[in-house]
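Trainee: build me a structure from this.
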Amino acid sequence: MVKSLHTDELIMLCKKNNQQAQFELYNRYCNAMYNTALPILQDTVLAEEATQEGFIIAFRKLDQYQQTNSFGGWLKKIVVRKSYEYYHQKHKMVLLTEDQISKQTEEETTVPNNDRKLLLEKALLQLKPKDRLLIKLFYLEGYDHKELSSILNISYANCRTRVSRAKNKLTKLLTI
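Mentor: Okay, the predicted model is just below:
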């Protein structure tokens with residue numbers, strides 16, 4: 001029975017296309033991967049799709065997985081990359097101009113000064129989508145500059161600069 005097997009044993013069976021092992025590995029990690037994709041995409045359907053696609057990619061590339069790293073961490077990077085792709089595609093289709101974003105935030109109800117979470121969410125909405133994603137991945141998900149530069153396919157220096165600029169914009173929005 002595959003339920004009692006260790007993750008490394010499941011992976012070995014998955015490499016042999018054992019469907020029960022694949023199903024068990026999926027069941028062990030699907031909720032965590034969905035919870036990784038959802039904050040990035042903010043859309044339950046897209047988060048489910050990104051999670052599914054992430055698993056498909058992982059099963060195809062299991063030979064590239066090195067057991068020196070945790071499987072969950074390796075899988076999470078795949079799901080984050082896939083989520084970023086979906087995020088990027090989604091925002092190419094629905095581009096809001098700066099004026100539309102400003103108008104939207106002006107029309108929102110006034111947030112009480114003592115509610116920091118709502119203030120932060122409102123400030124994040126005023127950032128450009130790419131900056132908002134960078135802030136979330138760096139500060140909320142805990143990715144470092146090296147991981148982000150790999151996910152976003154940009155240089156390390158460019159990543160540091162973009163995170164710093166996004167942080168400065170957010171800081172200005174929160175101090176107004």
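
Trainee: tell me where the model's unsure across the chain.
Mentor: Low-confidence segments of the chain (pLDDT under 70): 1, 91-115, 176.

Trainee: could you chop it up by domain?
Mentor: Split into domains by automatic domain parsing, the chain comes to 1-94, 96-176.

Trainee: mind putting those domains in a markdown table, mean neighbour count included?
Mentor: Placement of C-beta: from N, CA and C, glycine included. Listed next are the domains of the chain as a markdown table, based on neighbours: other Cβ atoms under 10 Å:
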| stretch | mean neighbour count |
| --- | --- |
| domain 1-94 | 16 |
| domain 96-176 | 14 |
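
Trainee: and for stretch 147-160, what are the contacting residues?
Mentor: With contacts defined as Cβ atoms under 8 Å, 6 or more residues apart in numbering, stretch 147-160 is touched by 77, 80-81, 84, 134, 137-138, 143, 145-146, 162-163.

Trainee: please apply the same query to stretch 13-27.
Mentor: Residues from elsewhere that reach stretch 13-27, judged by Cβ under 8 Å, 6+ apart: 2-3, 5, 7, 10-11, 55, 59, 62-63.

Trainee: got the residues you listed as TSV, with secondary structure and distance to Pro129 columns?
Mentor: As requested, these are exported to TSV (DSSP: H, G, I helix; E, B strand; the rest coil; distance: Cβ to Cβ, whole Å):
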residue	secondary structure	distance to Pro129
Val2	helix	41
Lys3	helix	41
Leu5	coil	41
Thr7	helix	35
Leu10	helix	37
Ile11	helix	35
Phe55	helix	26
Phe59	helix	30
Leu62	helix	33
Asp63	helix	35
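
Trainee: mind picking the two most distant members of those residues?
Mentor: With distance counted by Cβ to Cβ, no two of those lie farther apart than Lys3 and Asp63, which are 24.4 Å apart.

Trainee: which helices and strands sit right next to the host helix or strand of Lys130?
Mentor: Take DSSP states H and E as the rule and Lys130 turns out to sit in helix 129-135. Other elements packing on helix 129-135 under the criterion 3 or more Cβ pairs under 8 Å, 6 or more residues apart in numbering; DSSP states H and E are helix 71-93, helix 116-126, helix 156-175.
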